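Visitor: got a predicted model here, sequence first, then my questions.
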Amino acid sequence: MLFKFFKRSKSNDNGLQHNILFAPNYLVKTKAHKDRTEYVMGGHSILNIEHEDGKNIGLYFDVTRTQNANKLSLTDDDSLHLGFQSLLDTNYLILGTRKNLAQSKVGDKLTLKFKDGNAITLTLESCSSIAKEKKGYACNLRTEISDEVLHLFTTKLVESYSFELQNSKEPVNKSFNADSRRKFREAAQSFLFVLQKHY
């Protein structure tokens, strides 16, 4: 009689499969190309690892979570885009700046505040020259991040941010909505998974 309670359910199986396919650290498939390997992750993120002479030289998003770009749009007014990339052994948080943030430049400070009250402040630098040839590395600005900071993005939700601009006395303060916070954490989880397991 107990088998009735443990009978397989097709709807439950399909639901489980659906959830797994949308898990940010679930590798759906890989595809090898001449100079790179493509990794399709749950949630439809696609990352690429570049190869040269048998060595990995770069990691970047081709498509981020639900967005056809290497960065996520995280503000309702579409002014800030964030993403991740690695070049050789260095990891970066990359920025796309629009509208009132277009005035940000090298040397400005970006502070990201987490939901638990912690915060990190990062100094912005110029984008890699490689981005002129390969759009996966494209950004307006970037900032180097440590392994510790990268791990923070995978476990905590970023609630808000502020810019200290050299050409303005007033800082720019804005917050992320709940959906953006979740998507950014999921993008970080996909990035870290490929970085640790395959890069």
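Guide: It's in.

Visitor: for the biggest helix by length in the chain, C-alpha coordinates in PDB please.
Guide: Ranked by residue count and defined by DSSP state H, the top helix of the chain is helix 178-197. Written as PDB, here are the backbone C-alpha positions of helix 178-197 (Å, rounded to 0.1, in the frame of the first residue of the first chain):
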ATOM      1  CA  ALA A 178      13.800  43.200  -5.500                       C
ATOM      2  CA  ASP A 179      13.800  41.600  -8.900                       C
ATOM      3  CA  SER A 180      17.100  43.300  -9.900                       C
ATOM      4  CA  ARG A 181      18.800  42.300  -6.600                       C
ATOM      5  CA  ARG A 182      17.900  38.700  -7.200                       C
ATOM      6  CA  LYS A 183      18.900  38.700 -10.900                       C
ATOM      7  CA  PHE A 184      22.300  40.300 -10.000                       C
ATOM      8  CA  ARG A 185      23.000  37.700  -7.300                       C
ATOM      9  CA  GLU A 186      22.100  34.900  -9.800                       C
ATOM     10  CA  ALA A 187      24.400  36.300 -12.400                       C
ATOM     11  CA  ALA A 188      27.200  36.400  -9.800                       C
ATOM     12  CA  GLN A 189      26.400  32.800  -9.000                       C
ATOM     13  CA  SER A 190      26.600  31.700 -12.600                       C
ATOM     14  CA  PHE A 191      29.900  33.600 -13.100                       C
ATOM     15  CA  LEU A 192      31.500  32.100 -10.000                       C
ATOM     16  CA  PHE A 193      30.400  28.600 -10.900                       C
ATOM     17  CA  VAL A 194      32.100  28.800 -14.300                       C
ATOM     18  CA  LEU A 195      35.100  30.600 -12.900                       C
ATOM     19  CA  GLN A 196      35.700  27.900 -10.200                       C
ATOM     20  CA  LYS A 197      34.800  24.800 -12.100                       C
END
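
Visitor: now that helix: buried residues?
Guide: Within helix 178-197, the residues that count as buried by 16 or more other Cβ atoms under 10 Å are 180-181, 183-195. Glycine gets a C-beta too; all of them are placed from N, C-alpha and C.

Visitor: list just the nearest of those to residue 157.
Guide: When those are compared for distance to residue 157 (Cβ to Cβ), residue 181 wins out at 4.3 Å.

Visitor: the closest one and residue 156 touch, don't they?
Guide: No: the criterion here is Cβ atoms under 8 Å, and residue 181 misses it with residue 156 at 9.3 Å.
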